[in-house]
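>>> What follows is a predicted structure for the sequence shown.
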Protein chains: 2
Amino acid sequence: MPSAPRFVAVDWGTSRLRAALVEDGRVVGRSDSDEGIGRLRVGEHEAAFARVCGAWLAAEPSLPVALVGMVGSREGWFPAPYASCPAGAAEIAAGALAVDLPHGATGFVVPGLRFDEDGRVDVMRGEETHLLGSAVVDGLVCLPGTHCKWALMTGGRIARFASFMTGEMHALLREHSMIGRPATEPGDPAGFARGLAIGMAAAPGGLLNLLFEARAATVAGAMSPACLGPYLSGLLTGQEITGAFRLFGRPTTVTVVADEPRAALYRDALGSEGIGVTVLGQEPTLLAGIAAILAAR
Amino acid sequence: MPSAPRFVAVDWGTSRLRAALVEDGRVVGRSDSDEGIGRLRVGEHEAAFARVCGAWLAAEPSLPVALVGMVGSREGWFPAPYASCPAGAAEIAAGALAVDLPHGATGFVVPGLRFDEDGRVDVMRGEETHLLGSAVVDGLVCLPGTHCKWALMTGGRIARFASFMTGEMHALLREHSMIGRPATEPGDPAGFARGLAIGMAAAPGGLLNLLFEARAATVAGAMSPACLGPYLSGLLTGQEITGAFRLFGRPTTVTVVADEPRAALYRDALGSEGIGVTVLGQEPTLLAGIAAILAAR
């Protein structure tokens, strides 16, 4: 598989715009801003892009530019359709949207990916690129985050996946809820393991019951307020892992795409279940994924 | 069971203070304010109470006053301990906290209730009074709300209960989350039944997965934005009912303590499962519960 010697990788999500100039697989320049898709209105994207990538393209207008993430959503700069599972680099590349960029440069938006089953649907935007870059041929890949993704790779293609609002739920509980209000900072890290054990165990009452019980334990004096924040994180992570195992089957190994300190939480949580864990960084998988898509175009 | 001929019932929760002057089981006076416990600081409670109940007590200082709800929490006016399950009117009355009130009046704070099992704990404050007032001797009682309670009554006592953060979760999702952001108003009521069916069905991925899928269906065009808000409400209600059935066993009848329009949602949801529903109003059960506690003192 030939790789493009030089390209610009743009990871444009809800809260940040991150760009890298890549040469032979190495990052030779970086530029970013807080002008995420969630903070921009119609008409503001081109200038935000130019502030971050303009100098590279002015000097070298022929550089290929790959745009990944929410930049391709309906609220983004270039709404791009979803490809459908199963999808490998060829299917993702075939769904890419060619776009004109400042300085006469040209680029493409990586399509999102959707998975349909029994009338239900799931979607991703950005994670498909990391998944291709993980180079997992057959196996389960976990991408923790605001909306965590678990994906089953088969024959080097994304066969199916499921999303979990783990990260966003934790933020909601900590920042806006009565459930998380008794929590104090700094959190006691021992709370994570305690919550994880409850979240991984059989929970007949379900998550809405477990969440209230976390508050109840605190106000009844059965849990310290310092434990509560990490406890909620462990509880949600345990529920996510349990849900993923039920959907995909319990694996012997999982590849986790995450940076520290989040990677360590999943390494520990899965390790405590006797599951082998391989951790890959977010930037390497992004860049490898773009290289794979470029090679397949 | 003799009942006190005249008393003042004070339902003092997080967001409101509601008082009623009761005579022979009938409400002969009402007074309320938005000075809920969540809006008051230390030292502000007595004046708030006097604004709502002062005129009654000035005219008749010997009136018994029952204080119910978050007024007895750690953040309340008179922190009161929890009674423990199983608890009937006698156990609740024995745990009541006698307090001095303006105009030389005396009152009591109804204690909260806690349920312990296998190292886990649940709590309520206020609902214990409604449960006693429901007059259910043996059976399952559901109290919908911000933090819904399901309780098993045995021999006229509250044997065990479980809480679900259904109402608060819906508010979090609608007001603060990316999951609920695509929702438009007015909501399409058909969304509730659709969400309820998914929430009641087997969900191997769990609630964190179901919640993300609601957003995914909307952004992928498989659900109208007008459906999303009622869909989330139905989904959460279905998960709560499913959880309660797993904890307490599937009942043939349920008593629901709620006012309209919330009562109708539970009547329909449980009715569609072939379960008989008796609906009781919130004020009658509160007043009957206080009367039962007064009679047991």
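Okay, I see it.

>>> ok, now which ones touch residue A:178?
Contacts for residue A:178 were tallied using CB atoms under 8 Å, 6 or more residues apart in numbering or on different chains; they are A:215, B:14, B:146-147, B:168. From N, CA and C alone the C-beta is placed, and that goes for glycine too.

>>> As TSV, those with secondary structure would be great.
As requested, these are arranged in TSV below (DSSP: H, G, I helix; E, B strand; the rest coil):
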residue	secondary structure
A:215	helix
B:14	coil
B:146	coil
B:147	coil
B:168	helix
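
>>> Give me the buried subset of those residues.
Applying 16 or more other CB atoms under 10 Å in any protein chain shown to those, the neighbour count classes A:215, B:14, B:147, B:168 as buried.

>>> Identify the farthest-apart pair in those.
Farthest apart among those by CB to CB are A:215 and B:14. That separation is 12.7 Å.

>>> Three-state assignment for residue A:273, please.
Three-state call for residue A:273 (three-state DSSP): coil.

>>> picking up where we left off before, which of the buried ones among the contacts of residue A:178 lies closest to residue B:189?
Taking CB to CB as the measure, residue B:189 lies nearest residue B:168 of the buried ones among the contacts of residue A:178, at 21.6 Å.

>>> Point me to the residue of the stretch 1-150 of chain A nearest chain B.
Across the stretch 1-150 of chain A, the shortest distance to chain B (CB to the nearest CB) belongs to residue A:123, at 4.5 Å.

>>> what's that residue sitting at in phi/psi?
Backbone torsions of residue A:123, given as degrees, to the nearest 10, read phi -140, psi 160.

>>> what about the residue nearest to it when sequence neighbours are not counted, which helix or strand?
Leaving aside its chain neighbours, residue A:123 sits nearest to residue B:216 (4.5 Å; criterion: CB to CB, 6 or more residues apart in numbering or on different chains). Using DSSP states H and E, residue B:216 sits within helix B:207-219.

>>> Taking helix A:207-219 as reference, get the angle to that helix.
130 degrees (axes from the mean of the first three to the mean of the last three CA atoms, to 10 degrees).

>>> roughly how far is helix B:207-219 from the heart of the chain?
Here helix B:207-219 is found 28 Å from its chain centre; the criterion is CA atoms, centre = their mean, to the nearest Å.

>>> Past it, which element shows up next along the chain?
Past helix B:207-219, the next helix or strand by DSSP H and E is helix B:225-248.

>>> Establish whether that next one and chain A are in contact.
Yes. Using CB under 8 Å from any CB of the partner chain, helix B:225-248 reaches chain A at B:236, B:239-240, B:242-244, B:246-247.

>>> I'd like the next helix or strand past that helix.
Taking DSSP H and E, what comes next after helix B:225-248 is strand B:253-257.

>>> which residues are contacting that next one?
Identification of contacts with strand B:253-257 by CB under 8 Å, 6+ apart yields B:130-131, B:134, B:136, B:139-144, B:263, B:266-267, B:270, B:275-282, B:285.

>>> from memory residue A:271 sits against residue A:277, does it?
Yes. If you go by CB atoms under 8 Å, residue A:271 and residue A:277 touch, sitting 6.0 Å apart.

>>> quick one: which of these two has more around it?
More neighbours surround residue A:277 than the other of residue A:271 and residue A:277, with 17 against 13 (other CB atoms under 10 Å in any protein chain shown).

>>> Surely residue A:172 forms part of a strand?
No. Judged by three-state DSSP, residue A:172 forms no part of a strand; its state is helix.

>>> Confirm for me that it is in contact with residue B:175.
No. Using CB under 8 Å, residue A:172 makes no contact with residue B:175, being 9.6 Å away.

>>> Contact residues of the stretch 1-150 of chain A facing chain B?
When proximity is defined as CB under 8 Å from any CB, the stretch 1-150 of chain A approaches chain B at A:14, A:73-74, A:82, A:114, A:119-123, A:146-147.

>>> can we see that at 6 Å?
Contact residues (CB under 6 Å from any CB of the partner chain) of the stretch 1-150 of chain A with chain B: A:114, A:120-123, A:147.

>>> Return the item of the residues you listed having minimum pLDDT.
The member of the residues of the stretch 1-150 of chain A next to chain B with the lowest pLDDT is residue A:120, at 91.

>>> quick one, domains of chain A?
If you go by automatic domain parsing, the domain ranges for chain A are A:6-136+A:286-296, A:166-280.

>>> Need the distance between the two termini of the shortest one.
Counting by CA to CA, to the nearest Å, the length from the leading to the trailing residue of domain A:166-280 is 20 Å.

>>> Residue A:93 contacts residue A:293, doesn't it?
Yes. Counting by CB atoms under 6 Å, residue A:93 does reach residue A:293; the two are 4.9 Å apart.

>>> Between these two, point out the one with more neighbours.
Neighbours per residue, other CB under 10 Å: of residue A:93 and residue A:293, the larger number sits with residue A:293, 27 against 20.

>>> What residues of the strand or helix carrying the more buried one count as buried?
Assigned by DSSP H and E, residue A:293 belongs to helix A:282-296. Buried residues in helix A:282-296, defined by neighbour count with 16+ other CB under 10 Å: A:282-294, A:296.

>>> quick check, nearest of those to chain B?
Looking across the buried residues of helix A:282-296 and measuring by CB to the nearest CB, the closest to chain B is residue A:282, at 19.8 Å.
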